[in-house]
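Asker: Got a predicted structure plus its sequence, pasted below:
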Amino acid sequence: MNSNLYDFLPILMQIAFCAIFVFATVFVSKALGPKHRSSRKEANFECGLDPIGNARSPFPVKYFLIAILFVLFDIEIVFMYPWAINFKTIGWDGLLKMGGFIALLLVGYLYIVKRKALDWEK
């Protein structure tokens, strides 16, 4: 495989453009932005709300369940995209395997619905 540095020129140009854009944006924001200083503006900012109660209060399990379900069904798309792109080349074998994968996900989804994991009222 023959390669030279000219092959990497577009990548280096993109990295340079990104670096220049970031520094220019920060510089212009600093130069044109308001310059009124106060003790309230210099204070730490966290979500805009004052903390109330104990910081060690437990999160509901439902929060973590929804997060895991999101990751599960998000990963499903990662597997389905290459299958959809190569649909013509993989033939019936790929169709059957993807059908099994979708059936497995459907069983998991039906289990979630049966357990009322997506019911926010509880």
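Answerer: It's in. Numbers count the residues shown, from 1 in each chain.

Asker: and Phe64, how many neighbours?
Answerer: The tally of other residues near Phe64 (other CB atoms under 10 Å) stands at 10. Every residue, glycine included, has its C-beta placed from N, CA and C.

Asker: again with the one 10 residues further on
Answerer: Other residues within reach of Asp74, judged by other CB under 10 Å, total 9.

Asker: Determine the longest helix present in this protein.
Answerer: Ranked by number of residues, the top helix in the chain under DSSP state H is helix 87-114.

Asker: pLDDT on that helix, on average?
Answerer: Across helix 87-114, pLDDT averages out at 88.

Asker: which secondary structure elements does it contact?
Answerer: Applying 3 or more CB pairs under 8 Å, 6 or more residues apart in numbering; DSSP states H and E, we find helix 87-114 packed against helix 61-85.

Asker: what about the helix or strand of the chain with the lowest mean pLDDT, distance to the chain center?
Answerer: In the chain, no helix or strand scores lower on mean pLDDT, DSSP states H and E than helix 39-42, which sits at a mean of 77. Relative to its chain's centre, helix 39-42 lies at 32 Å (CA atoms, centre = their mean, to the nearest Å).

Asker: ok, residues contacting it?
Answerer: For helix 39-42, contacts defined as CB atoms under 8 Å, 6 or more residues apart in numbering pick out no residues.

Asker: likewise stretch 73-83?
Answerer: Here stretch 73-83 makes contact (CB under 8 Å, 6+ apart) with Ile90, Gly94, Met98, Phe101, Leu105.
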